[in-house]
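Enquirer: Build me a structure from this.
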Amino acid sequence: MIKIVIFASGSGTNAENIIRYFQATKSASVEAVFTNKADAQVIQRAEKYQVPSQVFTKNDLEAGKVLFNCFGGIFIKISRIDCSGVSRQNNQYSSSIIT
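Expert: Model prediction:
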């Protein structure tokens, strides 16, 4: 089974749709949601589906702590990271997918 981590920074409607979609399948599961905003609504949306979330800072991301938490901690078997909700243009985080 493919394990997915979602990076989001806003209301979380896309993240919620991804979570719902994969909860109805056996091919993949969303293991966690990471956000750079402590007040992002995506946190409540993730909780609604019992998906853990974590807030990180720009310094955490640049120091590699976010990926360490994904790959070195409890989410050690993550096979895909979806950054579709996060952009890095003019000091914002960029949209990318790591597989």
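
Enquirer: C-alpha from now on. contacts and neighbour counts both.
Expert: Will do.

Enquirer: Next one: the closest residue to K37 other than its chain neighbours from I2, what distance?
Expert: Take K37 and drop its neighbours on the chain: the residue closest to it by Cα to Cα, 6 or more residues apart in numbering is S9, 5.9 Å away. Applying Cα to Cα, to the nearest Å, the value for S9 to I2 is 23 Å.

Enquirer: G64 now?
Expert: 23 Å.

Enquirer: Neighbour count for those two, which is higher?
Expert: Set G64 next to I2 and count neighbours by other Cα atoms under 10 Å: I2 wins out with 14 against 11.

Enquirer: Just the CA atoms of stretch 29-36, as PDB, please.
Expert: Provided in PDB are the C-alpha atoms of stretch 29-36 (Å, rounded to 0.1, in the frame of the first residue of the first chain):
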ATOM      1  CA  SER A  29      -3.600   5.900   2.600                       C
ATOM      2  CA  VAL A  30      -2.900   9.400   3.800                       C
ATOM      3  CA  GLU A  31      -0.700   9.000   6.900                       C
ATOM      4  CA  ALA A  32      -0.200  12.600   7.900                       C
ATOM      5  CA  VAL A  33      -0.800  16.300   7.000                       C
ATOM      6  CA  PHE A  34       2.000  18.800   7.500                       C
ATOM      7  CA  THR A  35       1.400  22.600   7.500                       C
ATOM      8  CA  ASN A  36       3.400  25.700   8.000                       C
END
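
Enquirer: List of residues touching that stretch?
Expert: When contacts are defined by Cα atoms under 8 Å, 6 or more residues apart in numbering, stretch 29-36 is touched by residues 1-9, 18-19, 22-23, 42-43, 46, 51-58, 75, 78.

Enquirer: If you count residues, where's the longest helix of this structure?
Expert: Scanning the chain for the helix with the most residues, using DSSP state H, yields helix 13-23.
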